[in-house]
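# Pasting a predicted model and its sequence here:
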Amino acid sequence: MKNKVVRKLLMIGLSSSVALTSTVGVTAASMDTALEAVAEDETETETETETETETETETETETETDSEEDVAETAADGEEDVATVQKETVKINFYSEEEEKQIAEKEIEVDKGTTQINASEFADLVPEGYELKITGDVAISGGYIYAAVRKAAEQKKTVKISFYSEEEEKQIAEKELEVAKESKQVNTSALTDFVPEGYELVITGDLDINDGYVYAAVRKATEKKETVKINFYSEEEEKQIAEKELEVAKGSKQVN
């Protein structure tokens, strides 16, 4: 501030010197008045600067206070979140009413205090070969969930059986058979009723399913025989004349 006053005094001094050369009547009182005006200007400038500084300080203080309040609120929210994620374990009783027995008991975690749960949330815990009889919300009572189940209906698919004679180099017949959806093989015992008449399977056991087809090799069946006895009887003589044996197709009920 002092430097500014001195600079202004010098400027006033120079102006005063010029005035003195032309007018001798300038008095010391005029000089004092000028100095007082300069001092007042500087004082007002400093006061304004101090006021602005105080205003900025107050603004910064308010900002810091707001930030502290935000941090406090965030911390409070965090504590609430921790409280809401508390868990507890409940047991699921998978019960078959048709079989009148418990099939399995599994555990699942739920939010603490939960009173019901949607069946879709424990669908992956259902015992293999069974399905839920219920859908929607299920009550939690005493730490347990009662879930009624039943045996799942087995899903099926249709495969084609190609009965092929390698000796004759041709397909004898093509039949359809239903098997479990996930089946990759079929046992020949399941084909017995489908084997073409007059043929028999070349192999027994499991046959692979490829692209919905089963290849079953067959051959002409050797006719099975059985022996029957022929009683030659004379009714006039009332006696048996002879007894002979004859082979016939197995299961025959008559002979010509």
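Thanks, I have it. No experiment lies behind these values; they were computed from the predicted model shown.

# measure residue 194 to residue 172 for me?
With distances taken as Cβ to Cβ, to the nearest Å, residue 194 is found 11 Å from residue 172. For glycine as for every other residue, the C-beta is placed from the backbone atoms N, C-alpha and C.

# Find the residues that touch each one of those two.
Contact with both residue 194 and residue 172 is made by residues residue 163, according to Cβ atoms under 8 Å, 6 or more residues apart in numbering.

# which one of the two has more residues nearby?
The neighbour count for residue 194 versus residue 172, taken as other Cβ atoms under 10 Å, is higher for residue 172 (18 against 14).

# Does that one touch residue 161 like I think?
No: assessed by Cβ atoms under 8 Å, residue 172 is found out of contact with residue 161, at 10.8 Å.

# Which residue ranges of the stretch 101-250 of the chain form strands?
For the stretch 101-250 of the chain, applying DSSP state E, counting those that start in this stretch gives strands covering 101-111, 116-118, 130-132, 137-141, 144-151, 156-165, 170-180, 185-187, 199-201, 206-210, 213-220, 225-234, 239-249.

# okay, the ones you listed in TSV with mean pLDDT and distance to residue 86 next?
As requested, the strands of the stretch 101-250 of the chain are arranged in TSV below (pLDDT from 0 to 100; distance: least, Cβ to Cβ, whole Å):
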stretch	mean pLDDT	distance to residue 86
strand 101-111	95	7
strand 116-118	94	16
strand 130-132	93	28
strand 137-141	94	15
strand 144-151	95	19
strand 156-165	95	47
strand 170-180	95	45
strand 185-187	95	51
strand 199-201	94	65
strand 206-210	95	52
strand 213-220	96	57
strand 225-234	89	81
strand 239-249	86	81
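
# now the ones you listed in CSV, with distance to residue 87?
Below are the strands of the stretch 101-250 of the chain laid out as CSV (distance: least, Cβ to Cβ, whole Å):
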stretch, distance to residue 87
strand 101-111, 5
strand 116-118, 13
strand 130-132, 23
strand 137-141, 13
strand 144-151, 15
strand 156-165, 41
strand 170-180, 39
strand 185-187, 45
strand 199-201, 59
strand 206-210, 46
strand 213-220, 51
strand 225-234, 75
strand 239-249, 76
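
# closest one to residue 124 among those strands?
Checking those against residue 124 by Cβ to Cβ gives strand 101-111 as the closest, at 9.8 Å.

# which helices and strands does that closest one pack with?
Packing partners of strand 101-111 (3 or more Cβ pairs under 8 Å, 6 or more residues apart in numbering; DSSP states H and E): strand 87-96.

# what lines up beside the strand it packs on in the sheet?
strand 101-111 (antiparallel), strand 144-151 (parallel) (DSSP bridges).

# buried set for it?
The neighbour-count check on strand 87-96 (16 or more other Cβ atoms under 10 Å) flags 90, 92, 94-96 as buried.

# what's the answer for stretch 160-174, then?
161, 163-165, 172-173.

# From residue 174, how far out is the closest residue to residue 231 other than its chain neighbours?
Leaving aside its chain neighbours, residue 231 sits nearest to residue 243 (5.5 Å; criterion: Cβ to Cβ, 6 or more residues apart in numbering). According to Cβ to Cβ, residue 243 and residue 174 sit 48 Å apart.

# now do residue 232
On the measure of Cβ to Cβ, residue 232 and residue 174 end up 49 Å apart.

# contacting residues around residue 139?
Contacts for residue 139 (Cβ under 8 Å, 6+ apart) come out as 115-116, 145-146.

# closest to residue 106 among the buried residues of strand 87-96?
Closest to residue 106, out of all of the buried residues of strand 87-96 and judged by Cβ to Cβ, is residue 92, at 4.8 Å.

# List the residues that contact the closest one.
105-108, 122, 125, 144-145, 147.

# If we use 10 Å, what do you get?
Residue 92 makes contact with 104-108, 117, 119, 122, 125-126, 138, 140, 144-147, according to Cβ atoms under 10 Å, 6 or more residues apart in numbering.
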